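In: Below is the sequence, then the predicted model.
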Amino acid sequence: MSERSRTRPGLVRRLREYVLLYLGLGYLGAICLLWTPFAMVLHPLLPARAGRRIGRFIINQGFNSYIRFLTLIGACRFDLSALDKLRGQGPLILAPNHPSLLDAVMVISRLPDVACIMKAGLMDNIFLGAGARLARYIRNDSPLRMVGSATSDLSAGSFLLVFPEGTRTTRMPLNPLLSSVGLIARRAKVPVQTIFIETESPYLCKGWPLFRKPEMPVTYRVRLGRRFDPPVSVQPFMAELERYFVAELAGAVLPRPPRGDGGKMSSSTI
């Protein structure tokens with residue numbers, strides 16, 4: 001067999017994976033852009049409660065369809081069934097580890113009425129901003145206001161998605177945890193449900209270019225961890241939470257993030 005014959009299957013596979021990559025990104029971009037003008041119009045017209053309910057429902061359904069699309073075309077494989085056990089159990093603070101950009105998408109795709117703490121810049125993003133504002137997601141630019149808004153949202157029975165690492169993981173198996181989750185849990189008197197997201201692929205880890213092709217299919221598994229009671233004291237709680245995450249992730253198969261992007265950590269964000 002000639003060298004050309006041997007390399008042809010590999011070339012075809014790479015071309016196929018690039019097609020799947022751009023199909024997936026295009027699908028997500030399309031559903032975000034299609035929803036943006038409607039969200040912009042509805043935000044000033046609807047009462048806050050109605051806007052929040054409609055906004056979160058659309059995001060839930062849109063992310064669910066995106067996950068299904070990635071599965072259908074063979075780009076990814078997902079095992080997210082553990083999240084279904086949380087339905088109807090709010091209010092809860094959902095605290096996952098954060099290996100990739102798809103983490104929030106996976107969680108929100110399976111659970112209705114999830115509030116997110118987002119970087120302030122993303123709230124003004126053309127793809128995500130209008131929908132996030134309609135859904136009354138929470139900005140992280142003011143820690144005091146962030147904690148107050150999160151507490152109010154939880155009092156209405158919502159889930160609150162908080163990444164305790166504050167950004168995608170750069171130090172395996174876990175970045176140092178920030179105190180935001182403990183502060184919110186103490187003030188709202190709401191339990192913290194730990195969630196573990198596992199994948200062997202470094203796709204969309206910190207430092208991974210958006211248009212860089214991974215090996216496909218990319219496999220993700222989500223499992224539930226321990227549920228922590230609201231803390232009395234934040235610092236001992238955060239120390240216990242970090243020890244628990246490190247112990248649980250020590251034996252997990254996790255990707256090694258690309259080098260050269262340490263990234264600053266601020267408040268817990270999407």
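Out: It's in. Residues are numbered from 1 along each chain as shown.

In: Report the buried residues of the longest strand along the chain.
Out: When the chain is parsed with DSSP state E, its longest strand is strand 218-228. Buried positions in strand 218-228, judged by neighbour count with 16 or more other Cβ atoms under 10 Å: 218, 220-223, 225, 228. Yep, even glycine has a C-beta here, placed from its N, CA and C like the rest.

In: same question, stretch 23-37
Out: For stretch 23-37, the buried set under the neighbour-count rule, 16+ other Cβ under 10 Å, comprises 24, 27-28, 31-32, 35-36.

In: The stretch 151-270 of the chain: helices as residue ranges?
Out: Read by DSSP state H, counting those that start in this stretch, the stretch 151-270 of the chain holds these helices, from start to end of the chain: 180-188, 234-249.

In: closest to residue 53 out of these?
Out: Taking Cβ to Cβ as the criterion, residue 53 comes closest to helix 180-188 out of the helices of the stretch 151-270 of the chain, the separation being 20.0 Å.

In: so how far is the closest one from its chain's centroid?
Out: Using Cα atoms, centre = their mean, to the nearest Å, the distance from the centre of helix 180-188 to the centre of the chain it belongs to is 19 Å.

In: Likewise for stretch 150-163?
Out: With Cα atoms, centre = their mean as the basis, the mean position of stretch 150-163 lies at 15 Å from the chain mean.

In: if we can go back for a sec, sitting in helices, which of the buried residues of stretch 23-37 do you find?
Out: Helix and strand membership here follows DSSP state H; of these, those in helices are 24, 27-28, 31-32, 35-36.

In: ok, these vs residue 158, which is closest?
Out: Compare each of these with residue 158 using Cβ to Cβ and the shortest gap goes to residue 35, at 20.2 Å.

In: Provide a list of residues in contact with the residue lying closest to that closest one once chain neighbours are set aside.
Out: Counting by Cβ to Cβ, 6 or more residues apart in numbering, residue 131 is the residue found nearest to residue 35 once chain neighbours are left out, at 5.4 Å. Counting by Cβ atoms under 8 Å, 6 or more residues apart in numbering, residue 131 makes contact with 32, 35-36, 39, 55, 58-59.

In: 7 Å - rerun?
Out: Residue 131 makes contact with 32, 35-36, 39, 55, 59 under the criterion Cβ atoms under 7 Å, 6 or more residues apart in numbering.

In: Among those residues, which pair sits farthest apart?
Out: Pairwise distances among the contacts of residue 131 were taken by Cβ to Cβ; the largest, 12.8 Å, belongs to 32 and 55.

In: Neighbours of the closest residue to residue 214 other than its chain neighbours, how many?
Out: Distances taken as Cβ to Cβ, 6+ apart place residue 203 nearest to residue 214, at 3.7 Å, with adjacent residues excluded. When counting by other Cβ atoms under 10 Å, one arrives at 22 neighbours for residue 203.

In: Looks like residue 203 contacts residue 100 (just checking).
Out: Yes: proximity of residue 203 to residue 100 meets the contact threshold set by Cβ atoms under 7 Å, at 6.4 Å.

In: Is the residue nearest in space to the middle of the chain part of a helix or strand, or is it coil?
Out: To find the centre residue of the chain, average its C-alpha atoms and take the closest one (Cα atoms, centre = their mean): that gives residue 104, at 1.5 Å. The three-state label given to residue 104 by DSSP: H, G, I helix; E, B strand; the rest coil is helix.

In: Also residue 94?
Out: For residue 94, the secondary structure call by three-state DSSP comes out as strand.

In: Relative to residue 83, how far out is it?
Out: 9 Å (Cβ to Cβ, to the nearest Å).
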